[in-house]
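Participant: With the input below, show me the fold.
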Amino acid sequence: ELASYEKYWDSVSVEKTLISGAKEEGREEGREEGREEGIALGVEKGITLGEAAVLKRLLKLRFGHLSATDEQKINQANAEILRYWSARIFDAKTLADVFKQDLK
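Facilitator: Residues are numbered from 1 along each chain as shown. The predicted structure follows:
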């Protein structure tokens with residue numbers, strides 16, 4: 001019975017070790033996924049901020065001062081919309097023309 005008891009506890013110990021290893025492996029995978037997702041979000045945010053800065057600079061050169069409302073609209077837009085508005089600068093006669101239609 002003692003040998004059987006010791007064998008049982010040895011198997012429990014092995015299971016605990018395996019479970020601990022699996023937990024740590026899972027944590028590390030989660031950390032890596034989080035890092036990758038964080039990097040992707042950071043890159044996306046950086047691109048959007050860059051697009052916004054370019055659009056603001058172009059609008060100020062073409063039309064002069066931007067209102068707080070226009071600045072806010074630009075700051076809240078995603079990169080795709082910002083690129084669309086930037087392209088509209090060439091054909092727009094007024095600042096309102098740039099924002100007239102949102103990308104659909």
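
Participant: what pLDDT, on average, does the helix or strand hosting residue 26 get?
Facilitator: Using DSSP states H and E, residue 26 sits in helix 2-63. For helix 2-63, the mean per-residue pLDDT is 91.

Participant: packing partners for it?
Facilitator: If you count contacts as 3 or more Cβ pairs under 8 Å, 6 or more residues apart in numbering; DSSP states H and E, helix 2-63 packs onto helix 68-76, helix 79-88, helix 95-99. The C-beta positions use only the backbone N, C-alpha and C, and glycine is treated the same way.

Participant: Looking at those helices, spot the one closest to residue 6.
Facilitator: helix 79-88 (64.1 Å; Cβ to Cβ).

Participant: mind listing what's buried in that closest one?
Facilitator: 79, 81, 82, 83, 84, 85, 86, 88 (16 or more other Cβ atoms under 10 Å).

Participant: ok, now stretch 50-67?
Facilitator: Quick answer for stretch 50-67 (16+ other Cβ under 10 Å): 51, 52, 55, 56, 59, 63, 66.

Participant: ok, the residues you listed vs residue 43, which is closest?
Facilitator: The closest of the buried residues of stretch 50-67, once distances to residue 43 are taken by Cβ to Cβ, is residue 51, at 12.6 Å.

Participant: Let me know the angle separating the helix holding residue 26 from helix 68-76.
Facilitator: Relative orientation of helix 2-63 versus helix 68-76 (axes from the mean of the first three to the mean of the last three Cα atoms, to 10 degrees): 140 degrees.

Participant: Out of the buried residues of helix 79-88, which is nearest to residue 9?
Facilitator: Residue 9 has its nearest neighbour among these in residue 79, at 59.2 Å by Cβ to Cβ.

Participant: For that closest one, list the residues it contacts.
Facilitator: For residue 79, the contact set (Cβ atoms under 8 Å, 6 or more residues apart in numbering) comprises 44, 47, 48, 51.

Participant: For the second one, give me its contacts.
Facilitator: If I follow you right, that is residue 47. Residue 47 neighbours (Cβ under 8 Å, 6+ apart): residue 79.
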